[in-house]
Every structure is written in structure tokens, then in C-alpha cells.
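**Q** Have a look at this prediction, sequence included:
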Amino acid sequence: MSGRFARDDEVAAWRDDGWVLLEGLVDTDEIDAAVGDLRYVFPAPEKFFADPAAHRPPGRSDAELRRGYPEMPTTGPAFRPEQHRFRGEFPFYGSGLLTRLCVHPAVVDFMERALAATDLRLYQAQVSAKYAGDANFEQPMHTDRNHSFLPPRMEPPWWHVESFLYLTDVDEGTAPTHLVRRRDSEGRSTNWIFMPDGDPDLYAHEHAAVGPRGSLLVYRPDVFHRGVDLTRPGSHRYLLNVSYKVAGTDWIGFHSMQSNATHPAWTQFVESATPRELELFGFPPPGHPVWTAALVNETKEKYPKLDVEPWRRALPR
Ligand SMILES: [Fe+2]
């Protein structure tokens with residue numbers, strides 16, 4: 001494994017402050033090898049900036065994305081749909097290295113220690129891109145209310161972790177997420193968003209999560225935060241969004257992983273993965289009662305390069 005495991009004080013900071021930037025959790029070499037796969041998802045920055053209109057995905061112009069939305073200001077904090085123009089869902093074409101970052105050992109280790117559980121599910125996995133000037137990316141202070149049917153309950157076994165793995169260096173000019181420590185947002189309901197003139201104190205306590213690529217920003221779902229604009233002309237920011245929850249919490253979710261079961265990149269991932277890594281997606285582990293000799297054989301037929309011996313050995317005799 002490249003990179004490092006999180007320190008105990010970092011896990012404690014996630015729990016107590018609500019968020020922490022795990023600087024350099026994954027080595028830059030491993031990030032640089034994986035981002036090659038982004039060429040199948042996003043336009044290269046030099047191509048995009050040469051002709052932005054030509055490189056926006058079909059159906060995702062400002063006008064198309066804003067259809068049905070109320071009028072909103074072009075500047076200042078707002079949730080503009082074009083802020084999310086460039087997104088790509090797991091799994092990813094190419095070498096498979098970008099896909100595999102979702103289950104990087106240092107990422108999974110942090111999730112297990114933060115959530116104090118090992119039966120975890122990866123419930124959100126996507127890459128996002130922001131190019132300076134493509135949209136105004138400034139958002140109001142909010143919590144991510146679109147990961148759960150319920151307001152967050154932040155004790156074991158009900159809690160969950162949201163995270164951004166930085167695929168490019170993030171500095172003050174490239175839209176570092178701004179976050180507030182929990183003790184500085186006490187008393188605010190997570191059901192609401194807050195504008196600067198309505199709660200200047202909340203904005204006065206925000207911190208910019210700047211760090212090199214390979215850093216992992218982890219935050220609790222009750223943490224107030226906001227996206228900001230890219231202020232350096234010609235700059236861009238790529239990140240990988242990976243969120244984990246404890247298995248069995250059906251009210252928490254974001255992406256459906258099963259709808260990718262015939263995606264060639266999913267097959268490639270399965271054939272490169274360990275039983276433990278697959279279990280993070282809900283793939284039944286060896287010894288699970290669903291398995292029969294016939295099902296193991298059919299699964300081998302579906303994923304020819306998967307070593308199914310661990311599943312076969314665990315069949316009841
Ligand atoms: Fe957010």
C-alpha cells in the first residue's frame with residue numbers, strides 16, 4: 001500500500017470537530033497513476049479552456065440544467081445546478097486504478113476506525129470536476145441533507161462518513177471546501193441552510209480545507225460547510241467522492257451499485273478485488289447463506305477472472 005494510515009488524533013478530530021483533512025493519506029504517485037482514467041470522464045483542462053461550450057456534456061448546458069429551477073443570482077452563495085455539471089459515477093473505465101481508490105486500504109481503515117465497525121457499505125462513489133469560470137461555485141452554508149431520509153444521528157451504529165479524496169492539489173485558488181467545527185455551529189438545525197447576512201458568525205468560523213492531492217477530507221453529515229468559487233483563472237479541481245455507512249442503515253444512501261452489475265469496469269473491478277473489498281459493496285462474503293455450489297459456478301461464469309475458491313471453500317458440507 002502507498003500512503004499512510006490515519007493517526008488516532010485524526011480519527012478523534014473527525015469525531016469531535018466533525019471534520020479533518022487527512023493530509024497525504026494516499027501517495028501522490030498512486031493518485032497520478034489513477035487520474036489517467038479521468039480522460040474517459042472529463043475533458044482535459046487545456047481542451048476545456050480552449051472551447052468550454054464544446055466540452056460541456058450533452059444535455060448539461062446551464063439552460064438545460066436550470067430547467068424547472070427558480071431564478072437565482074449569478075454570483076453569491078446559491079445552489080446552482082451547473083455547479084455539478086461534471087460528475088462521473090463509479091465504476092470508471094481505463095486502468096481500473098481510479099475505481100480501486102474507492103477501496104484504498106487507508107480509506108477503508110479510516111472508515112472502520114471512525115465508525116467503530118467493520119460491516120461497512122460504500123454508498124456513494126463518484127468523481128467531480130470543477131473548471132474556473134465554468135460556473136460560480138459558491139454555495140451557502142449547509143449540511144448534506146441529500147444522503148439520508150432523516151437528519152443525522154451521530155452515534156454508533158447509526159453514523160456515517162462523507163469524504164473527498166483530492167485528485168489535484170487544492171489551495172486557496174482552487175475551491176477548497178470551507179467547513180465549520182461542530183463546537184462553532186452549536187445550536188443550528190441541520191434542516192436549514194444559512195446565508196452570510198443571516199448568520200455571519202457561522203461564516204466567521206469557517207476554515208478552508210487546503211491540501212495536496214492524495215489528501216482525504218472526511219466530514220460528519222452534521223457539519224456545516226460550503227463550496228466556494230475557483231478564483232485562479234485557468235485552474236481546475238478533480239476529486240473522488242467516497243462515503244461509507246454501517247451496513248443495514250437503509251435510510252442512508254446515494255448511488256445504486258447494483259445497476260452497474262453489467263458495466264465492464266465493474267467486472268474489471270470484481271476480478272481485481274478481494275472478498276473483503278467486494279463486501280463493502282454488499283457482495284455476499286464467503287460463508288454467506290446465499291451461496292450454493294451452483295451459484296458459485298454461475299458467479300465464476302459471470303466474472304471469469306475472479307478467484308472463487310474462497311467462496312467454494314466456505315460452502316456448507
Ligand atoms: Fe455539501
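**A** That came in fine, so what should we check first?
**Q** where's Asn297 relative to Tyr131, distance?
**A** The gap separating Asn297 from Tyr131 is 48 Å, by Cβ to Cβ, to the nearest Å. No exception for glycine: its C-beta is placed from N, CA and C like everyone else's.
**Q** cool, and Arg39?
**A** Here the criterion is Cβ to Cβ. By it, Arg39 lies 15 Å from Tyr131.
**Q** ok, those two, which is more surrounded?
**A** Counted by other Cβ atoms under 10 Å, Arg39 and Tyr131 do not tie: Tyr131 has more neighbours, with 23 against 11.
**Q** tell me the contacts of that one?
**A** Pro45, Phe48, Phe49, Pro52, Phe86, Leu230, Ser235, His236 (Cβ atoms under 8 Å, 6 or more residues apart in numbering).
**Q** ranges for the strands of the protein?
**A** Secondary structure of the chain (DSSP state E): strands located at 19-22, 86-89, 120-131, 160-166, 178-180, 206-208, 216-219, 225-226, 236-246.
**Q** what mean pLDDT does the third one have?
**A** Looking back up the chat, that one is strand 120-131. Averaging pLDDT along strand 120-131 yields 98.
**Q** Repeat that for the last one.
**A** For strand 236-246, the mean per-residue pLDDT is 98.
**Q** Same check on the fifth one?
**A** Taken as a whole, strand 178-180 carries a mean pLDDT of 98.
**Q** That one - which strands sit beside it in the sheet, and in what orientation?
**A** Strand pairing for strand 178-180, using DSSP bridges, gives strand 206-208 (antiparallel), strand 225-226 (antiparallel).
**Q** Isn't Glu112 up against Pro105?
**A** No: using Cβ atoms under 8 Å, Glu112 is not in contact with Pro105; the gap is 10.4 Å.
**Q** which ones are touching the residue nearest to Met257 when sequence neighbours are not counted?
**A** Once flanking residues are discounted, Met257 sits nearest to Phe281: 4.9 Å by Cβ to Cβ, 6 or more residues apart in numbering. Counting by Cβ under 8 Å, 6+ apart, Phe281 touches Arg121, Leu122, Met257.
**Q** Tell me the one of these nearest His205?
**A** Distance to His205 across the contacts of Phe281 (Cβ to Cβ) is lowest for Leu122, with 31.1 Å.
**Q** The closest one - nearest residue in space that isn't next to it in sequence?
**A** Once flanking residues are discounted, Leu122 sits nearest to Leu280: 4.9 Å by Cβ to Cβ, 6+ apart.
**Q** Give me the distance from the helix or strand of the chain with the lowest mean pLDDT to the chain's centre.
**A** Lowest by mean pLDDT, DSSP states H and E among the helices and strands of the chain is helix 62-65, with a mean of 90. Helix 62-65 has its C-alpha centroid displaced from the chain centroid by 24 Å (Cα atoms, centre = their mean, to the nearest Å).
**Q** Please report how far the residue nearest to Met257 lies from Gly76.
**A** Counting by Cβ to Cβ - Phe281 and Gly76 are separated by 39 Å.
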